[in-house]
Structures are given as C-alpha cells and as structure tokens.
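Q: missing the sequence, but the structure's below:
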C-alpha cells in the first residue's frame, strides 16, 4: 500500500517519561512504555486517569509537556503526514459524519489515506462491520453499536501499523464483541501494535499480551502472574499490594 | 495524492453533506434575507432607501450570514469530532484549511446569488450595470472575510464560548473588508459612477486576500496543534 | 533589566514630574485654548499604544512558531497595556474633538483606527479569559492577525474618510510644540517599558507558582 508523503514504517513504539499537564492539573506523569510489532497492550484505569490523554499524545493530536514519543526511529510531531498515515485512532467520539452513509464515510477516509483500490477496501470494511446491507443509509439512523462497528473499520481502513482504540467495546452486542475479538487477533497476527483502553476486563482476557494501569496520571505495569485480569487489576489499585 | 486533489476532496465532502441536509444553506439564506428586511426598516424613508444604504445593507447581510455559516460549518465537524480525524489524517494541514475555505466560499456564493438580486430589486440599486466589477468586489470581499473566518472558526472548535467569540474576534479583523466592500459597491451605485474608486477598493481587497490567506496558511498548523 | 529597573523608574518619575511644567511653557494655541494641552498626552499615548500592539503581535508570532512561553507572557502583558492605553486615547480623543470640531466623536482616520485596534486586543483578552484551556495559542493567532491588520485598517479608514472631507485635522506642529511633544512621548515609552517589564514578571512568577504546585503534587 502506498501512503502519501512516502513510505514510513516502524516496528516499535517507545514512550519515555511522557508528562502532560493542563494548567495546574497533571494528567500524565512520567509515563514510559515500550511496545513491539504484534503486541496488544491494554490500558486500564479508572475514569479520568489519563488514558484518553495518553492516546491523544500517541496519536500526535496533543504535544507532551515533557518527555518524548518515538515510533521506531521517528520522532512524533516532526515526522508529520507520513507518520500519521501509519496511525489509526478510534476515539471516544466516533469520527464519522452522521449525514453520510457508511460507504460515503469510508470512501472519503479511504481517499484521505490514499488507499489503493478504494471500492474493494470499502466492501471489505463493510463486511467486517456487518453493515453491507445498509451501506447506503445515512449513519444518523444507526444504533450506537452499529456506529461503533463502523467507526472501528474507519480507524483500521488503511491497515495502520499502530492502532489506538479507545473503548472499542462500548455499545456492542455479544455477536459484535465476538467479532471484534477476532478482529483484534487478526490485527495482532498482521504485526500491528494495538493499544486498547477498556473497562471490560473479562472481554479482553486472553487477547492482550500485557496490561498497564494508569492511576492519577501515573502508570504501573500490571504484573504477569496468577489470577484473572480483573483480580490482578483490583490488586494493583489497592495501595498496599501495588508493586513498583 | 496531489495537494489540489486533497483540497477538492475536503470541499466535495462538505458539499455532499450540505447537499444531504441543506441545513446551512437554507438557514443562512433566510437569515440573510431577514437581516436585509430588518435593515430596510431602518434605512428606507418614504418608499426610497437613503443614499448609500443598499451597499451597506448588502455587505452587512453578507458578514452576518457569513458568521452564522462559519459557526455552523465547524459545529458540524465538532459533533463527532471529525475535525480531529482530519487532523490525524496524513493530509497537509494547509490543504485542509483551503478545502474548508473553498467550501465556505462556495456556500456564501450561493447565498449571495440570491441576496444580491434581492437587494438590487428592493432598493432600486443598479448592481448589474458594472457586473464584472460588482462580481470582483463580491468575490474578493467574500474570500477575504472567509479566509480570516475559516481560521478563527477552526481554532475556536476547541474553545469554550465559541459561538459568541467568533464574531467578537472576526469583526475587528475584517473591518477593512467591510469598508472596502461597502465603499467599492456604493462607488458603483451612486449617481455619477466612480469607476477608479471601485477599482482602488477592489485592488485593496485583493491585496488583503493575498496577505491574509498566506498568513492563515502559515499559522493554521501551529494554531491547531494543542 | 532587573538592575536597570530602579534607575529607569526614577528617570520616568522625574520626567512625569517635569512634564506639566514643560507643557505649560509650550506655546499657547489661541483657537483651541487650554484644551490643546491634552494633545501632549493624547498623541504620545496613542503612539505608545501602537508600539504596544506591535510588541503583542511579534510576541504572539514568536510564541506560535517556537512555543516559547516567555514570548506569550510578553504578548499578554502588551495586550493588556494596549487595552489600558487605548482607553486613555479613546477618552482624551473625544475631549479634543469636542473643542476642535464641536462634536464628541469624529470619524477621523486615526481615532477610528485606534478604536478598531483597541477592539481587536479586547477580543484577544476576551478569548484568553473565556476561551478555556489552550486559548493562549488561539489568542496568539488573533494577536498576529491584529498586528497584520493595522495597515489595512488605517489605509481603508483613511480613504473612506477622505471621500467626504469635512474638517481640517490636527494643526501642524509649531516648532515650540515639538520639544514638549517628544519629551512626553519618551516619558510614555519609558513608562510602557517599565510596566511591561513588571507585568511580564508577574506572569512569570505565576508560571513558576504553577510549576511549584505541580512539583508539590509529586
């Protein structure tokens, strides 16, 4: 696939002491993370812990107050359009135009990302989202779950190297949740780095390689070990047993 | 993908959305017509408009409805945060700015296509005697207004109180456009037509456009990155 | 600058003490009478205001392109000073207009441009106050545009006004008036630099305090 601004690729994502403050409030405090191609990492934590801020920084939407984000050898804000072509972000807001149909939304973004063979790409994406039968209806009439599925396909349309998924399971029914789990497994096999935030710990059990807990802007790696993800997450939140 | 094609891609998407809902076009158009009507009560005496009123009413209607259209156009990009999606897309930021600008200009052109003849009819203003100069003034004035407006409306997407801040920021900066538009048009409407004066104002507008479009292209990237 | 502050402050104070005597000694303008003396305040403050607006514009541009927060602190201080100086100009202007032209407000090119410029920087301050987080960068855009707009406003208002010439504007300066005029200008520029310095320092202290709060949290 050719990308506008030349082909830029990377196989690692490295965050070093990323800090971001909004006025007097520190949203992220010296967060470090290293991820390799094919890894799926969960970002956990209570509301307002800084998960979305961290995703925005990795997506180059926000500049860190200090610290740096590196995509392989490339530095975030300087690499520009060529780097952005390799990122896919599913935000909390869905980034789709409600007035347009799914096909039109996908066609627009496919062209924006310079995807080759636009129509086949759209057909595949609609198939993944299970929306082929409603490809020409305006999105404004869709349920939250349908929009969520469409938004996910929009974010992954250009086969990004790094996928940032903010609460992808919101509003999905059982069948769609199952489909998304399979989609995440395919992404992992294709060498995509996936960062995913969620509160559905049971749902992501078994599909994430590692997990990181953010709490008041501070990141703690969730220990690998016995117990379910939920148990280990609970343990990490109680101060006594939190291991540094 | 070339720069020009990216601009057209953005504009075409905006036009497609507008073609579906027609919301901005209709509301802006009726707002423009209403403001022309409201001004008529202020400036028409004994069935005739006071001298120079037509040009002033026309340009104020354009400025007011332009502000409304700018606010609505970027509210649409804010609804589902699609402006952020465009900011992380691998397209050059200046192309994004120009695409939005072109969309706004075309929309305002559609509104002007209705209110210019309307003003001409209602105020007995011979706007079409020097059609090319009138067209030039309208085009250059609209581009100048929209060039500043698109940048400000785009950056205010993230701000609080954006609805009221847009006109507060936009009007002082676009005062030269309003003066030039009004004076240039009324030079064409007065009893003895002053062509050199109209051309002088037109060249000032073109100069304004060049300076402010350049400046906006230059500042769009740093202003939009948080 | 810190070391020079006190001596400069003394010089400025001395100049402001001397100013009334120098103005009193300046030639008496017969048609305008005593009101003409307001000119020695009005015009220098107006010029200082334009200087202040340009300082804000340049500071904004530097902040926008280098992200240096020091430039932003200078810009916001200059914007506030522009606003304050603008109020003085817009109050003394009509006082002059009342005596010279018999009306409180004359759409004179200079006075109108001042009003537009003052509105622009008022908008800058409103944006910073009510725009929410991140509005410093947005305001920097307004500051830069406001500065670029100055020649356009001045030129367009000027041409607009000369279409219908009505009153003769400011009488040309007599030689005896020039000295006091430039003396006052110098005093106000000095005053401007000192207040700008103080205000920027206040802003810097505020930033340091914020940093301390953040450090204390850790």
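A: The structure has been received and is ready for your questions. Quantities reported herein were computed from a predicted structural model and do not represent experimental measurements.

Q: Any idea how many residues pack against the nearest residue to residue B:81 once chain neighbours are set aside?
A: Closest residue in space to residue B:81, ignoring its immediate chain neighbours: residue A:93 at 3.6 Å, by C-beta to C-beta, 6 or more residues apart in numbering or on different chains. Where you see a C-beta, it was placed from the backbone N, CA and C, and this is true even at glycine. By the criterion of other C-beta atoms under 10 Å in any protein chain shown, residue A:93 has 15 neighbours.

Q: Do I have it right that residue A:93 meets residue B:80?
A: Yes: Residue A:93 lies in contact with residue B:80 (C-beta atoms under 8 Å); the separation is 5.2 Å.

Q: tally of neighbours for the residue lying closest to residue C:35 once chain neighbours are set aside?
A: Computed as C-beta to C-beta, 6+ apart, the closest residue to residue C:35 that is not its neighbour in sequence is residue C:99, at 4.1 Å. Residues near residue C:99, counting by other C-beta under 10 Å, number 15.

Q: Surely residue C:99 is within a helix?
A: Yes: counting by DSSP: H, G, I helix; E, B strand; the rest coil, residue C:99 is part of a helix.

Q: that older thread, quick one: the residue nearest to residue B:81 is in a strand?
A: No: under the criterion used here (three-state DSSP), residue A:93 is coil, not part of a strand.

Q: show me what contacts it?
A: For residue A:93, the contacting residues are B:80-81, B:84, by C-beta atoms under 8 Å, 6 or more residues apart in numbering or on different chains.

Q: same check, this time on residue B:222
A: Per C-beta under 8 Å, 6+ apart, neighbours of residue B:222: C:64-65, C:67, C:137.

Q: Next, format the residues you listed as a markdown table and append secondary structure and neighbour count.
A: A markdown table is the format used below for the contacts of residue B:222 (DSSP: H, G, I helix; E, B strand; the rest coil; neighbours: other C-beta atoms under 10 Å in any protein chain shown):
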| residue | secondary structure | neighbour count |
| --- | --- | --- |
| C:64 | helix | 23 |
| C:65 | helix | 15 |
| C:67 | coil | 14 |
| C:137 | helix | 21 |
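
Q: In the residues you listed, which has the lowest confidence score?
A: Lowest pLDDT within those is found at residue C:67 (86).

Q: ok, so what distance separates it from chain A?
A: 8 Å (C-beta to the nearest C-beta, to the nearest Å).

Q: which ones are touching that residue?
A: By C-beta under 8 Å, 6+ apart, the neighbours of residue C:67 are residue B:222.

Q: Backbone dihedrals for it, both of them.
A: With angles defined as degrees, to the nearest 10, residue C:67 sits at phi 60, psi 30.

Q: And it, how far from residue C:211?
A: Applying C-beta to C-beta, to the nearest Å, the value for residue C:67 to residue C:211 is 16 Å.

Q: Check chain A and tell me which residue is nearest its centre.
A: Taking C-alpha atoms, centre = their mean, the centroid of chain A lies closest to residue A:164, which sits 1.6 Å from it.

Q: Give me the pLDDT for it.
A: On pLDDT, residue A:164 comes in at 94.

Q: how close does it get to residue A:123?
A: Taken as C-beta to C-beta, the span from residue A:164 to residue A:123 is 25 Å.

Q: Now for residue 125, how many residues are close by?
A: With no chain named, the answer covers chain A. Neighbour count for residue A:125, taken as other C-beta under 10 Å: 25.

Q: not what I meant, chain C
A: Neighbours of residue C:125 (other C-beta under 10 Å): 16.

Q: if I pick it, what's in contact with it?
A: Residue C:125 is in contact with C:79-80, C:83, counting by C-beta under 8 Å, 6+ apart.

Q: now the residues you listed in JSON lines, with distance to chain B, pLDDT and secondary structure?
A: Formatted as JSON lines, these follow (distance: C-beta to the nearest C-beta, whole Å; pLDDT from 0 to 100; DSSP: H, G, I helix; E, B strand; the rest coil):
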{"residue": "C:79", "distance to chain B": "13", "pLDDT": "96", "secondary structure": "helix"}
{"residue": "C:80", "distance to chain B": "17", "pLDDT": "95", "secondary structure": "helix"}
{"residue": "C:83", "distance to chain B": "13", "pLDDT": "95", "secondary structure": "helix"}
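
Q: contacts with chain A among these, please.
A: When the contacts of residue C:125 are checked against chain A using C-beta under 8 Å from any C-beta of the partner chain, none falls in range.

Q: Please produce a markdown table containing these, extended by neighbour count and distance to residue C:60.
A: Output for the contacts of residue C:125, formatted as a markdown table (neighbours: other C-beta atoms under 10 Å in any protein chain shown; distance: C-beta to C-beta, whole Å):
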| residue | neighbour count | distance to residue C:60 |
| --- | --- | --- |
| C:79 | 27 | 9 |
| C:80 | 20 | 13 |
| C:83 | 19 | 15 |
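
Q: Relative to residue B:57, which of those is nearest.
A: Nearest to residue B:57, judged by C-beta to C-beta, of those is residue C:83 at 32.1 Å.

Q: Nearest residue to that closest one in space, please, no chain neighbours.
A: Distances taken as C-beta to C-beta, 6+ apart put residue C:121 closest to residue C:83, at 5.5 Å, once the chain neighbours are dropped.

Q: Quickly find the element holding the most centrally placed residue in chain C.
A: In chain C, the C-alpha nearest the mean C-alpha coordinate belongs to residue C:49, at 1.6 Å (C-alpha atoms, centre = their mean). In this structure, residue C:49 sits in helix C:39-66 according to DSSP states H and E.

Q: What of residue B:91?
A: Residue B:91 belongs to no helix or strand when assigned by DSSP H and E.

Q: Give me the contacts around the lowest-mean-pLDDT helix or strand in chain B.
A: Lowest on mean pLDDT, DSSP states H and E among the helices and strands of chain B sits strand B:48-49, with a mean of 75. Under the contact criterion C-beta under 8 Å, 6+ apart, strand B:48-49 has outside partners B:40, B:43, B:57, B:123-125.

Q: Pipe the residues you listed into a markdown table and attach distance to chain A and neighbour count per row.
A: A markdown table is the format used below for the contacts of strand B:48-49 (distance: C-beta to the nearest C-beta, whole Å; neighbours: other C-beta atoms under 10 Å in any protein chain shown):
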| residue | distance to chain A | neighbour count |
| --- | --- | --- |
| B:40 | 35 | 16 |
| B:43 | 39 | 16 |
| B:57 | 33 | 26 |
| B:123 | 37 | 22 |
| B:124 | 41 | 12 |
| B:125 | 37 | 23 |
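
Q: so the residue nearest to the centre of chain C sits right up against residue C:86, yeah?
A: Yes: Residue C:49 lies in contact with residue C:86 (C-beta under 8 Å); the separation is 5.6 Å.

Q: Need the overlap of contacts for the two.
A: With C-beta under 8 Å, 6+ apart as the test, residue C:49 and residue C:86 both reach C:114, C:117-118.

Q: mind listing the helices for the chain?
A: No chain was given, so I picked chain A. All helices of chain A, identified by DSSP state H, fall at A:51-58, A:76-79, A:81-84, A:102-112, A:118-129, A:144-156, A:174-189, A:201-204, A:229-237.

Q: The chain in question should be chain C.
A: Counting by DSSP H, the helices of chain C are C:2-25, C:39-66, C:69-101, C:109-130, C:135-162, C:175-217.

Q: how about the longest one, does it reach chain A?
A: So the one you mean is helix C:175-217. Yes: residues of helix C:175-217 contacting chain A under C-beta under 8 Å from any C-beta: C:210, C:213-214, C:217.

Q: Any quick PyMOL command for the buried ones out of those residues?
A: The following PyMOL line selects those of those that are buried, judged by 16 or more other C-beta atoms under 10 Å in any protein chain shown:
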select buried, chain C and resi 214
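
Q: any idea of the mean pLDDT in stretch B:77-94?
A: What stretch B:77-94 shows for mean pLDDT is 90.

Q: Which strands or helices does the host helix or strand of residue B:166 pack on?
A: Element membership for residue B:166, per DSSP H and E: helix B:162-189. Helix B:162-189 sits against helix B:53-79, helix B:131-156, helix B:195-224, helix C:109-130, helix C:135-162, with contacts defined as 3 or more C-beta pairs under 8 Å, 6 or more residues apart in numbering or on different chains; DSSP states H and E.
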